[in-house]
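**Student:** coordinates only, no sequence provided:
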C-alpha cells in the first residue's frame, strides 16, 4: 500500500515536471472560468422565484411598440426576470427596460440590451437598486421600448390570463387582460444553502477531474467511470424530481416493481409516496430545491391511506425498471421518506449506467475517448440520474458497440464469457426498442477467424441475434401479412364480401384518433408525405436534441454556444487518431441501419401517437408526426460519429487531455446554466 502510494506520488510529480507550464496555465484558466461564470450568473443563483410562470403569447418588441406593466410589488424581491424570445433568428438593434415606482416614479433599474445577445426562450434578469418593500412602494411600473426594425426585434412573452392581482398590462396604450411572463427573485435561506452545497460539490469534483487529466492520467475506463459518478450525482440533484420526460410514469412503474419484489399489490402505494407537491412536471422549478433542503431528513410518516397508481407496469416492459426498483425497495426497508426513496431509486439507475459505461470503455480497443465523452454528455447523465428507462437503453447500447469494436479488431478467438455477456445485453435491449437491437447485424463484419470457423460464426451470430430477429419478426410478419392481404383484396375484389367493400377504412374520425397501419396502407401517398414533411420539419432539432440541446422535460433549452461547443468536442473526438478504422462498406451499413432505424422511430410514432385531426404546420404545408424527440436517436451517436474517423485527417492522441479539459468546462457551464434557469422558475 505504501509502495503504491509512493509510485502514485512519483507519477504525479513526474507529470507535473514534464508539463509544468501547461498544467499551471490550465489550472489558472479553470479558476478564471469558475470566477467569471459565477459572477455572470450571480443575479439568479440561490434565490427563490415567484410570479407569472405562464408564457402563452409573444409580441415582437420593435420600433414604435411600447409594452407596459403595472403590478404589485413582491416583498423582499431584489431582482426581476422577464422572459424573451429571439424567434430562432439573428436580430439587430437594442431594447430598453425601465423599472420604476408606479407612484413615486423612482427608477429602480434601467437597462439597454442588444437583442443579438439574448438567449431564446429564456429569462433575462434586472437587478433592482434596493430590496422591494410594499410599504414604501406599493406598485412597480415596467416599460419596454426598442429601436429594432420590424422582423429584427425581441419577442416578449405574456400570459393568456391576468396572474398578478390588480395589475395593468398594455401594448401601445391598449389595456389587455394579460400579464408579462415575469418573475420576482428574492433571497431564500434554504435555496442559498442548496446553492452553496451544490456549487461546492461541482467545483470540488470538477477540479479533481482536471487534476486527474493533467497529473494522474488514469486509464480511460477509470477516468470516465469517475467522470460519470461526479456528473451523475450532480445531475441527480440539479435536475429536480419529475422534471425528466415521463419520470412520474417511470417512478410509478419502478414502485410497482418494488411492490412485486416485496409481495404486495403492485398498483397500490401509501399516500406518502405520491406526494409530488413542489415538483413541476417536465420543468425544473426552484421550490423543488427548497423542499429538498427542508424535508430530505424528515422521518417517514405513512398515512395508512393507500392510493391506486395511475399507470400499470403490466402494460409496459418490466426489466428496465429493475435497478430503480432495487433502490426503492432498499429505501422502504430502511424506512426512508418519499424524497430519500425517490433519490435512492435514481441513484441505483445511475449505478447501473456507470457499470455499463465502465465495461464498454474497458472492452473497446478504439474510440475510447469518443465513447466516453458521448456517455457522459449532459443529456445522457440526466437520463441516467433519473427513473428513465433511457438509462437502460443507452447503457446496454454502449456495451453492444464496445464488443463490436473489440471483436472486429482483436486477434484472438472470442471469449465465451464475452459472448454470453453480449447475448444477455441483446436479450435485454431488443424487447425494449427493436430499433436499437438492429445494430447487432453489424457483428457480421467480425472476421470468422474470431469464431474459429465460418460454421461457428454462423451459429454464433444466429444465437447472438436471436432476440433481435424474434422481435423483428414479431413486428414485421404481421405487417407483411397485412400488405399481402391488402394486395389480395385489390387483385381479387370479388373474393371480398360486399360488407367489407362498403365499410369505410375509418367510419368515424373522432377527436384524438390516431393513424393506424390500416389507414397508412389505404393512404400510402398521404403517409409518405407526412413522413417526408416531418423529417424536413424536425431533422435539425432531432440531431441537436440527440446530444443535449434540451434538458429537463425538453423545456430547458441550452444556449446555442454551449450546444455547438458540445458538437465541436464530439467531432474532434471522432477525428482522434485511431489504430484501426472500419471499412467503407462497414460505415455504409452503419448509416443504412441508422436511416432505417430513424424511419422506424418516425413511422412508429405515426401509427401509435399521431392524431389524424391535428393542427396544420403552416410553414410546412400540412400536419407532422407527433411525439418524436431527439433523445430517441441518442443511441445512434457512437455509430454516427465513428463514421467521421478517417486515415487522412487525424487529430493526435496528445490532444486528448485538452479535449477532455474543454469538455469539462462546457459541462460546468451547462450545470451553472441549469441552476440559473431553475432558480428563475
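**Tutor:** Received, thanks. Values in this document were obtained by computation on a predicted structure and should not be read as measured data.

**Student:** hey, let's count contacts and neighbours off CA atoms from now on
**Tutor:** Noted.

**Student:** show me the strands in the stretch 451-600 of the chain, by range?
**Tutor:** Under the criterion DSSP state E, counting those that start in this stretch, the stretch 451-600 of the chain contains strands at 550-551, 556-557.

**Student:** just tell me which of those strands ends up closest to residue 278.
**Tutor:** Ranking those by their distance to residue 278 (criterion: C-alpha to C-alpha) puts strand 556-557 first, at 18.0 Å.

**Student:** what ranges do the helices span in the stretch 301-450 of the chain?
**Tutor:** Ranges of helices in the stretch 301-450 of the chain, per DSSP state H, counting those that start in this stretch, are 322-333, 338-363, 368-375, 378-384, 390-409, 416-429, 434-437.

**Student:** residue 577 reaches residue 655, doesn't it?
**Tutor:** No: look at residue 577 against residue 655 with C-alpha atoms under 8 Å: they stay out of range, at 9.9 Å.

**Student:** show me which of the two is the more surrounded one.
**Tutor:** Using other C-alpha atoms under 10 Å as the criterion, residue 577 and residue 655 rank with residue 577 on top: 21 against 14.

**Student:** who's in contact with residue 255?
**Tutor:** Contacts here follow C-alpha atoms under 8 Å, 6 or more residues apart in numbering; on that basis residue 255 touches 266, 325, 328.

**Student:** reformat the strands of the stretch 451-600 of the chain as a markdown table; add mean pLDDT.
**Tutor:** A markdown table is the format used below for the strands of the stretch 451-600 of the chain (pLDDT from 0 to 100):
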| stretch | mean pLDDT |
| --- | --- |
| strand 550-551 | 92 |
| strand 556-557 | 90 |
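
**Student:** looking at these, which is buried most?
**Tutor:** Among the strands of the stretch 451-600 of the chain, strand 550-551 has the highest mean neighbour count (mean count of other C-alpha atoms under 10 Å), at a mean of 24.

**Student:** and that one, what does it pack against?
**Tutor:** On a contact count with 3 or more C-alpha pairs under 8 Å, 6 or more residues apart in numbering; DSSP states H and E, strand 550-551 meets helix 378-384, strand 556-557.

**Student:** and the last one, what does it pack against?
**Tutor:** Contact here means 3+ C-alpha pairs under 8 Å, 6+ apart; on that basis strand 556-557 packs against strand 550-551.

**Student:** quick one: distance of the strand it packs on to the chain centre.
**Tutor:** Distance of strand 550-551 from its chain centroid, counting by C-alpha atoms, centre = their mean, to the nearest Å, is 5 Å.

**Student:** neighbouring contacts of that strand?
**Tutor:** Applying C-alpha under 8 Å, 6+ apart, the contact partners of strand 550-551 are 244, 378, 379, 382, 556, 557, 558.

**Student:** and which of these is nearest to residue 518?
**Tutor:** Checking the contacts of strand 550-551 one by one against residue 518 (C-alpha to C-alpha), the nearest turns out to be residue 244, at 33.8 Å.

**Student:** what is the mean pLDDT for the helix or strand harbouring residue 69?
**Tutor:** Using DSSP states H and E, residue 69 sits in strand 67-72. What strand 67-72 shows for mean pLDDT is 96.

**Student:** other SSEs contacting that strand?
**Tutor:** By 3+ C-alpha pairs under 8 Å, 6+ apart, strand 67-72 packs against strand 139-146, strand 168-171.

**Student:** save these as JSON lines, and put in mean neighbour count and mean pLDDT too.
**Tutor:** Conversion of the helices and strands packed on strand 67-72 to JSON lines gives the following (neighbours: other C-alpha atoms under 10 Å; pLDDT from 0 to 100):
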{"stretch": "strand 139-146", "mean neighbour count": "21", "mean pLDDT": "95"}
{"stretch": "strand 168-171", "mean neighbour count": "18", "mean pLDDT": "95"}
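
**Student:** what's the distance between the nearest residue to residue 224 once chain neighbours are set aside and residue 109?
**Tutor:** Nearest non-adjacent residue to residue 224, counting by C-alpha to C-alpha, 6 or more residues apart in numbering: residue 372, 5.9 Å away. With distances taken as C-alpha to C-alpha, to the nearest Å, residue 372 is found 46 Å from residue 109.

**Student:** pLDDT wise, what is the closest residue to residue 15 other than its chain neighbours at?
**Tutor:** Among residues not flanking residue 15 along the chain, residue 215 sits closest, at 5.4 Å (C-alpha to C-alpha, 6+ apart). On the pLDDT scale, residue 215 is placed at 90.
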